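Student: dropping the sequence and predicted coords here.
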Amino acid sequence: MSEQQKHKRVIQGKVIKKSGDKSANILVERKVVHPKYRKIVKRFKKYIIHDENNTCNIGDFIEAIECKPISKTKSFRLNKTITTGVE
């Protein structure tokens, strides 16, 4: 019996803060069309991700994947680092 894995959300964002041990805050930016004015506007959201090996640094652009809830606010884990920051 083969079970299919559910689709996991993948987000990309910039590390803005190292928040404690094995945690980091990332800022995810997305562009949407405003419903009334039909102009492209930016929407931002912050996520707390789980970084098991403390590899990411402030300024890095990373990819995170959805996982089971690790704590009250953490339900994403670090997948890979896309680009490294200047710090």
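Tutor: Yes, it's here.

Student: let me see the ranges of the strands in this structure.
Tutor: According to DSSP state E, the chain carries its strands in the segments 10-17, 23-33, 40-50, 61-66, 74-83.

Student: take those strands and write them to a markdown table, including mean neighbour count.
Tutor: The C-beta positions use only the backbone N, C-alpha and C, and glycine is treated the same way. Supplementary listing: the strands of the chain in a markdown table, determined by neighbours: other CB atoms under 10 Å:
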| stretch | mean neighbour count |
| --- | --- |
| strand 10-17 | 17 |
| strand 23-33 | 15 |
| strand 40-50 | 13 |
| strand 61-66 | 18 |
| strand 74-83 | 16 |
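
Student: show me what contacts residue 30?
Tutor: Neighbour list for residue 30: 42-43, 45 [criterion: CB atoms under 8 Å, 6 or more residues apart in numbering].

Student: actually residue 57, sorry about that
Tutor: For residue 57, the contacting residues are 15, 18, 84-85, 87, taking CB under 8 Å, 6+ apart as the criterion.

Student: pull the most distant pair out of these.
Tutor: In the contacts of residue 57, two members sit farther apart than any others by CB to CB. They are 18 and 84, at 14.3 Å.

Student: where is pLDDT lowest across the contacts of residue 57?
Tutor: When the contacts of residue 57 are compared on pLDDT, residue 87 comes out lowest, with 64.

Student: just for this structure, where's the confidence low?
Tutor: The model of the chain has pLDDT under 70 over residues 1-5, 87.

Student: let's go with 90 and repeat that
Tutor: Applying pLDDT under 90 to the chain picks out residues 1-8, 19-20, 84-87.

Student: on that earlier part again, and the contacts of residue 30 as JSON lines, adding distance to residue 64?
Tutor: Formatted as JSON lines, the contacts of residue 30 follow (distance: CB to CB, whole Å):
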{"residue": "42", "distance to residue 64": "19"}
{"residue": "43", "distance to residue 64": "17"}
{"residue": "45", "distance to residue 64": "12"}
